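# The following comprises the amino acid sequence and a computationally predicted model.
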Amino acid sequence: MAPLEILIVGCSIAGPALATCLLLSDVPVSQKPHITVLERSNGMRTEGQNIDVRGAGVTILRRLGIEKAVRAKTTREEGVRMVDSRNRTWGQFVADKSGKTSTPTADIEILRGTLAKILFQRARSVSDAVQAEGGHGVEFVWADTLDAIEQDGLKVHVHFAKSGKTKAFDLVVGADGLQSTTRSMAWGPQADDAVQKLAGGVYGAFFSIPAWEADEETLWRKWYHASGRRSIMVRPHEQRGRATAFMTVIADTDARLERAATNKNNTVAVQKALMKEYFGEAGWECERVVDDMMQSTDFYYDSIAQVKLDHWSKGRVVLLGDAGYCASAFSGMGTTLGLIGAWKLAGCIFQHPNDPQRAFDLYEARMQPTVALAQKLAPGFPRSLHPATDWGVWLIHAFVWVLWVSRVFGLLMKLGAGPPAHSVQVEETQVH
Ligand SMILES: Cc1cc2nc3c(=O)[nH]c(=O)nc-3n(C[C@H](O)[C@H](O)[C@H](O)COP(=O)(O)OP(=O)(O)OC[C@H]3O[C@@H](n4cnc5c(N)ncnc54)[C@H](O)[C@@H]3O)c2cc1C
């Protein structure tokens, strides 16, 4: 049987992870798939700040042979401190470095761009090894997108917008994130309903800034809440001398926030100006963070939403990671789901190489329980933790203080079922 021709759209976390899982499979080199990875950027994107890898996600990093490289680049965050405008701590939650419980700081905290780079380099080296044995490996195509996807039952025919080329693939995998165009092209207008905003309309900006001395004395994340449903985190960076920032705004009354996330004509300058308006006079250290944000070159802004679809495949097109089942930055599970999904999808493709429907149904059955748990945020969260008034902020501080001094939080984390990533079974090999 001829090897499968597979197109993966998106080269961030899930895309290169899938390419590596497919090529590391224990099948003769002549049967390894021919993979094309298409990325709309000119090269690997460096933006993005702290992301978590938990439970089975760490097992997959180990299986891909990159756990050591990843652990060498973590931000070493010690935990989370909730602070007020005078920098007083109202509660602190220490990281669980055993990776066994679901503390806000995960076993592995790493910058998104760093993890993406490690995954890309691994995909490229595995591909080189396959090519050295006479296989096809991976062809990376940068700075292009698809503008048409058509299926005839046997093949998926795609058209590349920039190069103008057309090509047929056996399978197309959309790993192109929350605003996936693979999803909108294959599913049609119904795909718009798949992106479900978190209650209240939640928007986030991520960037890095120069660290203050106090940021580096201890490697704690500081989380400051302002009235008007705003919060800002300053967190450790992998490089000394730098810190990362994550701004959150919850507002469904300001249409500019949504436009800034979805309208392709909105530039980073527009997004930064909006965040300046919200945080310029928000108190605490916001002034310095906003000043540094205006200078930042790795600024990333998006709406914080979830993706919910009845099924993750249409014919020979299947979705992976945020494109199919984004759980949102507040779940702490987006990256872990992308890694678990890549491993499981590769296994299911090898199990049913001639029957994509069966392969994709199996992938969905194996992933769905984990995704359902990851997408289940605490009731009203994150709106409930972002009060509108100063009085509401004080109440949150008081609540967190009680959890902290009574040690109830730590106990709940220990007694709880643990995060969904810990109960996931990771199949031993890709051919199972
Ligand atoms: C630049 C960036 C910064 C991020 N920063 C953070 C962060 O700070 N904190 C956090 O929690 N999460 C962040 N995320 C989201 C996080 O990476 C994901 O939630 C998670 O890792 C799952 O990854 P994914 O590979 O499924 O999707 P994503 O990481 O979203 O990757 C999608 C990839 O597809 C590419 N792409 C999009 N459309 C097309 C297209 N039409 N054609 C070709 N390629 C396309 C994108 O450029 C990107 O490389 C960020 C994502 C990106 C892209």
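That came through, no problem. None of these values were measured; they are calculated from a predicted model.

# Point me to the residue of the stretch 251-400 of the chain nearest the ligand.
Nearest residue of the stretch 251-400 of the chain to the ligand: Gly321, at 2.3 Å (CB to the nearest ligand atom). Placement of C-beta: from N, CA and C, glycine included.

# What is the neighbour count of that residue?
Per other CB atoms under 10 Å, the neighbour tally for Gly321 reads 31.

# and the gap between it and Asp52?
From Gly321 over to Asp52 the distance is 14 Å, taken as CB to CB, to the nearest Å.

# Pro210 now?
According to CB to CB, Pro210 and Asp52 sit 24 Å apart.

# Of these two, give the one with the bigger neighbour count.
Legend: neighbour count by other CB under 10 Å for Pro210 and Asp52, higher for Asp52 (22 against 13).

# mind pulling up the phi and psi values for the closest residue to the more buried one other than its chain neighbours?
Spatial nearest neighbour of Asp52, chain neighbours left out: Ala106 (3.5 Å); criterion: CB to CB, 6 or more residues apart in numbering. Phi and psi for Ala106, reported as degrees, to the nearest 10, are phi -80, psi 170.

# Wait, Ala106 touches Ala95, no?
Yes - with contact defined as CB atoms under 8 Å, Ala106 reaches Ala95; the gap is 7.5 Å.

# before we move on, back to that, which residues touch the residue nearest to Asp52?
Asp52, Val53, Arg54, Ala95, Gly99, Gly332 (CB atoms under 8 Å, 6 or more residues apart in numbering).

# and those, which of them are in strands?
Asp52, Val53 (DSSP state E).

# when you check the ligand, which of the contacts of Ala106 turn up near it?
The subset of these within reach of the ligand, by CB under 6 Å from any ligand atom, is empty.

# and the stretch 151-300 of the chain, which residues reach the ligand?
Near the ligand, when you scan the stretch 151-300 of the chain using CB under 6 Å from any ligand atom, you find Ala175, Asp176, Gly177, Leu178, Thr181, Phe206, Tyr300.

# Most neighbours among those residues, which one?
Compared across these, Ala175 has the highest neighbour count, 32 neighbours, by other CB under 10 Å.

# My read is that that residue contacts Leu337, right?
No - with contact defined as CB under 8 Å, Ala175 and Leu337 do not form a contacting pair (11.6 Å).

# Spit out the residues that contact these two alike.
Gly321.

# and Leu274, how many neighbours?
20.

# pretty sure it contacts Arg259?
No - between Leu274 and Arg259 there is no contact under CB under 8 Å: 9.4 Å.

# What's the ChimeraX syntax to select whichever of the contacts of Ala106 are buried?
For the buried members of the contacts of Ala106, the matching ChimeraX selection, counting by 16 or more other CB atoms under 10 Å, is:
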select :52,53,54,95,99,332
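
# pLDDT added to the contacts of Ala106, as CSV?
Compiled in CSV, the contacts of Ala106 are given as follows (pLDDT from 0 to 100):
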residue, pLDDT
Asp52, 91
Val53, 93
Arg54, 88
Ala95, 85
Gly99, 63
Gly332, 87
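
# Pick out whichever of the contacts of Ala106 sits closest to Ile66.
The nearest member of those to Ile66, counting by CB to CB, is Val53 at 10.7 Å.

# if I look at the closest one, how far off is Ile13?
For Val53, the distance to Ile13 equals 9 Å [CB to CB].

# next one: Ser25
Taken as CB to CB, the span from Ser25 to Ile13 is 20 Å.

# just Ile118 next, same as before
As defined by CB to CB, Ile118 lies at a distance of 10 Å from Ile13.

# Of these two, which one has the most company?
Ile13 (30 against 19).

# need the contact list for Thr75.
By CB under 8 Å, 6+ apart, Thr75 lies in contact with Asn50, Glu109, Ile110, Leu111, Leu219, Arg235, Pro236, His237, Glu238, Thr244.

# switch the cut-off to 10 Å
Applying CB atoms under 10 Å, 6 or more residues apart in numbering, we find Thr75 in contact with 49-51, 105, 108-111, 114, 219, 221, 235-239, 243-244.

# Sweet, I'm off.
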